[in-house]
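# Using only what follows, build the 3D model:
(one chain, ligands or ions: 2)
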Amino acid sequence: MADYDETQLLSLVVPLYNEGDALHAFFARVVPILESIPATRFEIVCVNDGSADDTLAKLVGVARSDGRVRVIDLTRNFGKEAALTAGIDEAFGDAVIPIDADLQDPPELIPTLVEKWREGAEVVLAQRASRASDSLLKRVTAAAYYRVHNCLSDLKIPENVGDFRLMDRIVVNALKQLPERHRFMKGLFAWVGFSTVIVPYERESRCAGESKFSGWRLWNLALEGITSFSTLPLRSWTYLGSFIAMLAFCYGMYIVVRTMILGVDVPGYASVLSLLLFFGGVQLIGLGVVGEYIGRIYDESKGRPIYLVKRRYQERRPQGRAAGNGRIISLVAGKRN
Ligand code: UDP
Ligand code: MG
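Residues are numbered from 1 along each chain as shown. Ligands and ions are numbered 1, 2, ... in the order given. Take a look at the predicted model:
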């Protein structure tokens, strides 16, 4: 085996939003797997993203009995991307692995991810071998999305890769330097680069509860992805506008010449009205696209934090570093921000 450092720390980052029902199964399955990885310590950074159920109470209970579990409680629901950012910011690990709480990302894959990391990969991507566990609609829209995104954007995001991956500390530090508020994590993960290895896996169905991503939320995520990584939708209006102006010019010339030859032709109400409405519509669409970008510039310019932490629940330990197998002294609620 490689000569890795005995004190390597692995951070699992888990965003949780109303996952009270899935929690028990999650820890029961994840902890033994993490314990089985040789020569590592681990911490599980749980980010409670403003859950309305008993997620926080259950998490604090787990943190109380297991010093390797830390809880970051956000002030409200900021969305998965922000919760993930919070967890990544708070993680101490030499390698960081974001994972969903619903066990759709199989924790059994973690030892393989770690192995590839020890072999030298800076990023180890878990790629879904198939989308069999998804509905037909989700499969079709996901495939269409990747195609559109990768066609519009210079930055290609790998298909069927979620947030489940392993990142070395240097990658995490690079990621932490990206200040944007609109965080399309898949895109940001891809943007930072580094040497990458892909490991295929089968995605399971949710172990409890239901998906928090409705069609509308997914649509907004898709818009976020495209506007964050491409200005082609903006620029395309220049070309579309030029093309329509050229057509309009040709048509104008034709009308002028025809009027000079055949005289004034009064009828034409229908064609004038339909052209008027058509171009009105085209202009509004253009304005809408511009608006999407301006709205995002406005959000970025306000410079608000991506998330706010209400409390941190973790053991207080002699050395202060919040991971490892230290003795439980007390459970404290840390406050910051
Ligand atoms: N999640 C979150 N905040 C949200 C929505 C989701 O932290 O506003 C978490 C959720 O608890 C889960 C992960 O993000 O751990 C993935 O969510 P979900 O399973 O609903 O998404 P899907 O698997 O359907 O894409
Ligand atoms: Mg899920």
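
# those strands in the stretch 151-300 of the chain, which residues are they?
In the stretch 151-300 of the chain, the strands defined using DSSP state E, counting those that start in this stretch lie at 161-168, 196-201.

# Reformat these into JSON lines and put mean neighbour count and distance to residue 121 next to each item.
For the C-beta atoms, the positions are set from N, CA and C on the backbone; glycine is no exception. Supplementary listing: those in JSON lines, determined by neighbours: other CB atoms under 10 Å; distance: least, CB to CB, whole Å:
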{"stretch": "strand 161-168", "mean neighbour count": "22", "distance to residue 121": "8"}
{"stretch": "strand 196-201", "mean neighbour count": "16", "distance to residue 121": "4"}
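
# To residue 86, which of the ones you listed lies closest?
strand 161-168 (13.3 Å; CB to CB).

# thinking again about what came up before, could you redo the strands of the stretch 151-300 of the chain as CSV and give each row distance to ligand 2 and mean pLDDT?
Rendered in CSV, the data for the strands of the stretch 151-300 of the chain read as follows (distance: least, CB to the ion, whole Å; pLDDT from 0 to 100):
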stretch, distance to ligand 2, mean pLDDT
strand 161-168, 9, 88
strand 196-201, 14, 86
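
# possible to save those strands as CSV with distance to ligand 1?
Shown next, in CSV, are these (distance: least, CB to the nearest ligand atom, whole Å):
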stretch, distance to ligand 1
strand 161-168, 7
strand 196-201, 14
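
# Out of these, the one nearest residue 185 is which?
strand 161-168 (5.7 Å).

# What is the closest one packed up against?
Taking 3 or more CB pairs under 8 Å, 6 or more residues apart in numbering; DSSP states H and E as contact, the helices and strands that strand 161-168 lies on are strand 95-98, helix 110-118, strand 123-128, helix 185-192.

# Need the CA coordinates for that strand. PDB is fine.
Output of strand 161-168 as PDB, limited to C-alpha atoms (Å, rounded to 0.1, in the frame of the first residue of the first chain):
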ATOM      1  CA  VAL A 161     -22.400  12.800 -11.900                       C
ATOM      2  CA  GLY A 162     -23.900  14.300  -8.800                       C
ATOM      3  CA  ASP A 163     -22.300  15.800  -5.700                       C
ATOM      4  CA  PHE A 164     -21.200  12.400  -4.400                       C
ATOM      5  CA  ARG A 165     -17.400  12.500  -4.900                       C
ATOM      6  CA  LEU A 166     -14.100  12.700  -3.000                       C
ATOM      7  CA  MET A 167     -12.100  15.800  -3.100                       C
ATOM      8  CA  ASP A 168      -8.600  16.300  -1.800                       C
END
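
# could I get the strands of the stretch 151-300 of the chain as JSON lines with distance to residue 224?
Written out in JSON lines, the entries for those read as follows (distance: least, CB to CB, whole Å):
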{"stretch": "strand 161-168", "distance to residue 224": "14"}
{"stretch": "strand 196-201", "distance to residue 224": "23"}
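
# Tell me how far the spatially most central residue of the chain lies from residue 289.
Note on the chain: the residue nearest the mean C-alpha position is residue 185, at 3.4 Å, using CA atoms, centre = their mean. Distance, residue 185 to residue 289, using CB to CB, to the nearest Å: 24 Å.

# Please name the residues that touch residue 113.
Shown here is residue 113, whose contacts under the criterion CB atoms under 8 Å, 6 or more residues apart in numbering are 97, 124, 126, 165-166, 199.

# 7 Å instead, please
Counting by CB atoms under 7 Å, 6 or more residues apart in numbering, residue 113 touches 97, 124, 126, 166, 199.

# partner residues bridging the last one?
When bridges are assigned using DSSP bridges, the partners listed for residue 199 are residue 126.

# For it, which residues are in contact?
Residues in contact with residue 199 (CB under 7 Å, 6+ apart) are 109, 112-113, 116, 124-127.

# Ok, the second one next?
Under the criterion of CB under 7 Å, 6+ apart, the neighbours of residue 124 are 113, 116-117, 165-166, 197, 199.

# What residues does this structure have near ligand 1?
Contact residues of the chain with respect to ligand 1, defined by CB under 6 Å from any ligand atom, are listed as 15-17, 19, 49, 77, 79-80, 83, 100-102, 104, 211-213.

# out of these, which are inside helices?
Applying DSSP state H to the residues of the chain next to ligand 1, the entries found in helices are 80, 83.

# Weed out the non-buried ones from the residues of the chain next to ligand 1.
A residue is treated as buried here by neighbour count (16 or more other CB atoms under 10 Å); on that basis the buried members of the residues of the chain next to ligand 1 are 15-17, 19, 49, 77, 79-80, 83, 100-102, 104.

# Farthest-apart pair in those, please.
Every pair of these checked by CB to CB; the farthest is 77 and 104, at 19.7 Å.

# Show me where the stretch 201-337 of the chain has its helices.
Along the stretch 201-337 of the chain, counting by DSSP state H, counting those that start in this stretch, helices occupy 215-229, 232-262, 269-302.

# Would you mind giving the orientation angle of the shortest one with respect to helix 269-302?
Angular relation of helix 215-229 and helix 269-302 on a 0 to 180 degree scale: 80 degrees, by axes from the mean of the first three to the mean of the last three CA atoms, to 10 degrees.

# What residues of helix 215-229 count as buried?
Result for helix 215-229 [16+ other CB under 10 Å]: buried residues 221-222, 224-229.
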